[in-house]
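Student: Quick one, fold the following:
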Amino acid sequence: MTNEPDLPRFCREAQSQLPALLAGELSGWSERVVRRHFRRCPDCAAQLARQEQVSAGLSALKERSPAPPPGLLAGLLEQARRPGLRGRAAVPVRGAVSGARPELSVAFLTVGAVATTGIGWAAWRGGRSVSKRLRRR
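Tutor: Residues are numbered from 1 along each chain as shown. This next block holds a predicted model:
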């Protein structure tokens, strides 16, 4: 699809309908008008042919799924069995985030909520007193 300003208006409008036409979403009068234009206009017919080629190529790729490389599953399973540095480092503090120690998670969340509320209240109170002082002047 080209959005070139030098194309006639009807060509731009017809080419904007290309995705819907190729997807089978146009029907009735709209489809007939667009198809008739593509039969009569060589530039738009060439654009339709290019879009049909792209669509056919993508459909061909969708039909055959690529096979995974040999040994991929074995390699992934081996990596999963071997704890790396990240796995060894996370063991002592496991629980606060992963949920293995729910009471610790609840404590952290509660402290965070109280601190955030206190900071917000203090900022609101400070802003309120500043605005009162400014109004008095």
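Student: Domain-wise, how is the chain divided?
Tutor: 9-63, 97-137 (automatic domain parsing).
Student: so for the longest one, what's the average pLDDT?
Tutor: Right, domain 9-63. Average pLDDT, domain 9-63: 86.
Student: Is it correct that Leu48 is in contact with Leu18?
Tutor: Yes: if you go by Cβ atoms under 8 Å, Leu48 and Leu18 touch, sitting 6.5 Å apart. C-beta coordinates here come from the backbone N, C-alpha and C atoms, glycine included.
Student: Could you look over the domains of the chain and pick the most buried one?
Tutor: Comparing these by mean neighbour count (mean count of other Cβ atoms under 10 Å), domain 9-63 ranks first with a mean of 14.
Student: distance between the ends of that one?
Tutor: 37 Å (Cα to Cα, to the nearest Å).
Student: cool, stretch 63-72 as well?
Tutor: 22 Å.
Student: Also stretch 64-76?
Tutor: With Cα to Cα, one end of stretch 64-76 sits 24 Å from the other.
Student: how distant is it from the center of its chain?
Tutor: The chain centroid and the centroid of stretch 64-76 are separated by 26 Å, computed with Cα atoms, centre = their mean, to the nearest Å.
Student: What are the buried residues along it?
Tutor: For stretch 64-76, the neighbour count (16 or more other Cβ atoms under 10 Å) marks no residue as buried.
Student: dump the residue contacts of Glu31.
Tutor: Leu21 (Cβ atoms under 8 Å, 6 or more residues apart in numbering).
Student: For it, what are phi and psi?
Tutor: Per-residue torsions, Glu31: phi -60, psi -40 (degrees, to the nearest 10).
Student: repeat for Gly71
Tutor: For Gly71, the backbone dihedrals (degrees, to the nearest 10) come out as phi 90, psi 0.
Student: what's the answer for Pro8, then?
Tutor: The phi/psi pair for Pro8 (degrees, to the nearest 10) is phi -60, psi 150.
Student: Kindly provide the distance from Leu73 to Arg82.
Tutor: Leu73 sits 15 Å away from Arg82, taking Cβ to Cβ, to the nearest Å as the criterion.
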